[in-house]
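>>> Let me see the structure of the following:
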Amino acid sequence: MLPNFNAILTNPYRNNSFFLYLSMRIALIAHDGKKAEMVAFLLGNKQFLQGASLVATGTTGGHIENAGLKVTKMLSGPLGGDAQIAALVATKELDMVIFFRDPLDKHPHEPDVLMLMRLCDVHNIPLATNPATATLLLKGIQ
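Numbers count the residues shown, from 1 in each chain. You can find the predicted model right below:
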């Protein structure tokens, strides 16, 4: 199992970027209206993210693959992908979740989304729901 974000912050190798790149496991999720924004964000941070282990919901993962990044794809969010990522959070197999939500649209899998967000809070896993917060999280560990 990979170390969690808190372990990385207290790790004596924190300033060793190579160590951080190899140890981060980041989940990526984007609602349909935010997928292009997610891809743009990832491409803007490609150098940092190439060393991280990326996992994404199915459709988001397809967009990420098309952008040239290596990613492990779960199910599509409405088909259980959000719940699969929530399970990874609960078992502390993720260090960070970047979830570009569309708060202005209705989503049939909203209970799974809320569960994922709650589990991030319960297990102290950093969660970014917009590009500004995601940028701050990445800059904080570089």
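>>> tell me the mean pLDDT over the stretch of helix or strand Ala86 belongs to?
For Ala86, the host element (DSSP states H and E) is helix 81-90. When pLDDT is averaged along helix 81-90, the result is 96.
>>> Following the chain past it, name the next helix or strand.
Note on helix 81-90: by DSSP H and E, the next helix or strand toward the C-terminus is strand 96-100.
>>> picking up where we left off before, CA atoms only for the helix holding Ala86 - export them in PDB, please.
Below are the C-alpha coordinates for helix 81-90, written out as PDB (Å, rounded to 0.1, in the frame of the first residue of the first chain):
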ATOM      1  CA  GLY A  81     -16.800   4.300 -10.600                       C
ATOM      2  CA  ASP A  82     -17.300   6.900  -8.000                       C
ATOM      3  CA  ALA A  83     -18.000   4.200  -5.400                       C
ATOM      4  CA  GLN A  84     -14.900   2.300  -6.600                       C
ATOM      5  CA  ILE A  85     -12.800   5.300  -6.000                       C
ATOM      6  CA  ALA A  86     -14.500   5.900  -2.600                       C
ATOM      7  CA  ALA A  87     -13.500   2.300  -1.700                       C
ATOM      8  CA  LEU A  88      -9.900   3.200  -2.500                       C
ATOM      9  CA  VAL A  89     -10.200   6.300  -0.300                       C
ATOM     10  CA  ALA A  90     -11.600   4.200   2.600                       C
END
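>>> Sketch out the low-pLDDT regions of the chain for me.
Applying pLDDT under 70 to the chain flags the ranges 1-22.
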